[in-house]
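# sequence first, then the predicted structure, then my questions.
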Amino acid sequence: MSKTPHHVAVIPGDGIGPEVTAAAAQVLTATGVAFAFRSYEAGDDCLERTGKALPQETLDGALAAKAVLFGAVGKSAAEVILRLRAELGTFANLRPSKAYQGVPCLHPKTDLMIVRENTECLYAGHESRLTPEVVTATRVITRGASERIARFAFDYARAHGRRMVTAVHKSNVLRLSDGLFLECCRKVAADYRDIAYEEALVDSAAMKLVLDPTQYQVMVTTNLFGDILSDLAAGVIGGLGLCPSANLGPEHALFEPVHGSAPDIAGQGKANPSAAILCGAMLLRHLGEEAAALRVEKALEAALAAGEVTGDLGGSLNTTAATGAVIARL
Ligand code: IPM
Ligand code: MN
């Protein structure tokens, strides 16, 4: 491999973050694709030590890298990850939920992509206390961000052989904000005649996801609904241990497992590295290393099918051994 290495910033964070990002980096290295990893601090421990949950050096490192591999952070999650998403301009949050053979789940045929808007909605950070007894939160929905995420979802569907996009909303109550979101989705849908378009109310979509997730292919939705539905979809395929995500923007990309820092099992070698390894596959694909991305996914699938997995999935391996089981199949 004489090619220039891909420069990746790693932000392990707290709890099981360091264990799972190390596993993912190991798998990435084992593909033979050349990487230069640089590690940066962020999170609760970092806050305690340095007074900052997200030091400038970490932000600069993330901005300078071709891609960021993120682990998990504890109590400072919102400050760290929301700020990173904003500073990196990653307006789209891709959250796949795919069922795997050998992993007990509700619906073995699930293969869904949730495209979550990543910059606004109730995440815009406008909360105010009007009186000691009354607080408000402002839901920001803009035409610009809504059209951009809708276009992203349709482009994703087209590029990945998906034939339908479902816009998820609550416009029967949030008439103006989700009214605008839907108006934007409809306008964009008209430019993609080859992809079917439908709309679903978020409450009903949540129920249908549990009953039969195969009726959806690509869901596009606002920030908070995407947050909630992606955890729901994770539950459908057997848990958060298997769900990666990609935060994508025009210039930067950050990959993070959807799971949190799981402080209760941190440092014990119990963490399931699958989600972080799948983040590695998404990262490879983003860097144009499609063949290596597929190899990682196939190797993980085979290890899962063989039951060479951590305790949360019913196996008996520790994090290192479960990672080794994937590497052995590359
Ligand atoms: C997620 C998390 C974050 C979010 C939290 C930790 C701020 O739940 O990535 O889904 O709400 O986006
Ligand atoms: Mn979440």
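Sure thing, it's come through. Ligands and ions are numbered 1, 2, ... in the order given.

# for the closest residue to residue 273 other than its chain neighbours, grab phi and psi.
Leaving aside its chain neighbours, residue 273 sits nearest to residue 23 (3.5 Å; criterion: CB to CB, 6 or more residues apart in numbering). Yep, even glycine has a C-beta here, placed from its N, CA and C like the rest. Per-residue torsions, residue 23: phi -60, psi -50 (degrees, to the nearest 10).

# what does residue 314 give?
Per degrees, to the nearest 10, the backbone of residue 314 is at phi 90, psi 10.

# with residue 244 instead?
phi -90, psi 170.

# so who does it touch?
The contact partners of residue 244, by CB atoms under 8 Å, 6 or more residues apart in numbering, come to 96, 255-258, 275-276, 278-279, 281-282.

# picking up where we left off before, so who does the residue nearest to residue 273 touch?
Counting by CB under 8 Å, 6+ apart, residue 23 has contacts 273, 276-277, 319-320, 322-323.

# what about the residue of the stretch 1-150 of the chain found nearest ligand 1, neighbour count?
Proximity to ligand 1, evaluated over the stretch 1-150 of the chain using CB to the nearest ligand atom, is greatest for residue 77 at 3.5 Å. If you count neighbours by other CB atoms under 10 Å, residue 77 ends up with 18.

# how about residue 253?
22.

# please apply the same query to residue 259.
As a burial measure, residue 259 scores 27 neighbours (other CB under 10 Å).

# Provide the secondary structure category for it.
Here residue 259 takes the coil state, with states given by DSSP: H, G, I helix; E, B strand; the rest coil.

# is it true that it touches residue 72?
Yes - here residue 259 reaches residue 72: they are 6.6 Å apart, a contact under CB atoms under 8 Å.

# so what touches the lowest-mean-pLDDT helix or strand in the chain?
Ranking every helix and strand in the chain by mean pLDDT, DSSP states H and E puts helix 77 at the bottom, with a mean of 92. Under the contact criterion CB under 8 Å, 6+ apart, helix 77 has outside partners 43, 260-261.

# my read: residue 147 touches residue 188, true?
Yes - under the criterion of CB under 8 Å, residue 147 makes contact with residue 188 at 5.8 Å.

# between the two, which is the more surrounded one?
Counted by other CB under 10 Å, residue 147 and residue 188 do not tie: residue 188 has more neighbours, with 23 against 17.

# confirm that one sits in a strand?
No - assessed by three-state DSSP, residue 188 does not belong to a strand; its assignment is helix.

# how about it: what's its closest non-neighbour residue?
Of all residues not flanking residue 188 in the chain, residue 150 sits nearest, at 3.9 Å (CB to CB, 6+ apart).

# now that neighbour: how far from residue 223?
Separation of residue 150 from residue 223 (CB to CB, to the nearest Å): 14 Å.

# also residue 282?
For residue 282, the distance to residue 223 - CB to CB - is 20 Å.
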